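**Student:** I'll drop the sequence and a predicted model, then ask my questions.
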Amino acid sequence: MYGDRAMSKVEQIESAISKLTAAEARQVAKWLEEFLADEWDKQIEADAKAGKLDFLFAEVEAERKAGTLREWPDAAK
């Protein structure tokens, strides 16, 4: 415990991770990276379904019609 309060879940996880070997910590890091990537994908999908990204499609269509649409990523870089 820290002082008079119980450890938060994050503090408990941090404490447990600090006791892992380097190999175990890398395994946890890989899992967390994959977990966060999946969460990001879910959020983008939900935002797209909710119409929150429609403005991007409108911008692309306007650029396409104006002839100013570039390949992405920019091949010049």
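**Tutor:** Done, it's in. Computed from a predicted structure; not experimentally measured.
**Student:** Now do Gln43 against Lys52, distance only.
**Tutor:** 10 Å (Cβ to Cβ, to the nearest Å). Using the backbone N, CA and C atoms, a C-beta is placed for each residue, glycine as well.
**Student:** go on, Ala37?
**Tutor:** Shown here: Ala37 relative to Lys52, a distance of 20 Å by Cβ to Cβ.
**Student:** Point out where the chain drops to low pLDDT.
**Tutor:** Counting by pLDDT under 70, the ranges of the chain that qualify are 1-4, 74-77.
**Student:** helices or strands up against the helix or strand where Ala46 lies?
**Tutor:** Secondary-structure assignment from DSSP states H and E places Ala46 in helix 22-49. With contacts defined as 3 or more Cβ pairs under 8 Å, 6 or more residues apart in numbering; DSSP states H and E, helix 22-49 has no packing partner among the helices and strands.
**Student:** How many residues are close by Gln43?
**Tutor:** The burial metric for Gln43, expressed as a neighbour count using other Cβ atoms under 10 Å, is 11.
**Student:** Next one: it from Glu11, what distance?
**Tutor:** Taking Cβ to Cβ as the criterion, Gln43 is separated from Glu11 by 26 Å.
**Student:** cool, and Leu20?
**Tutor:** Taking Cβ to Cβ as the measure, Leu20 and Glu11 are separated by 16 Å.
**Student:** And Asp54, by the same measure?
**Tutor:** Using Cβ to Cβ, which is the criterion applied here, Asp54 is 41 Å from Glu11.
**Student:** Same question for Glu34.
**Tutor:** The separation that Glu34 has from Glu11, given Cβ to Cβ, amounts to 23 Å.
**Student:** The two: which is more packed in?
**Tutor:** Taking other Cβ under 10 Å, Glu34 and Glu11 do not tie; Glu11 has more neighbours (13 against 10).
**Student:** so which helix or strand takes in that one?
**Tutor:** If you go by DSSP H and E, Glu11 is part of helix 9-18.
**Student:** Report the distance from that helix to the chain centre.
**Tutor:** Taking the mean of its C-alpha atoms, helix 9-18 sits 21 Å from the chain's own mean (Cα atoms, centre = their mean, to the nearest Å).
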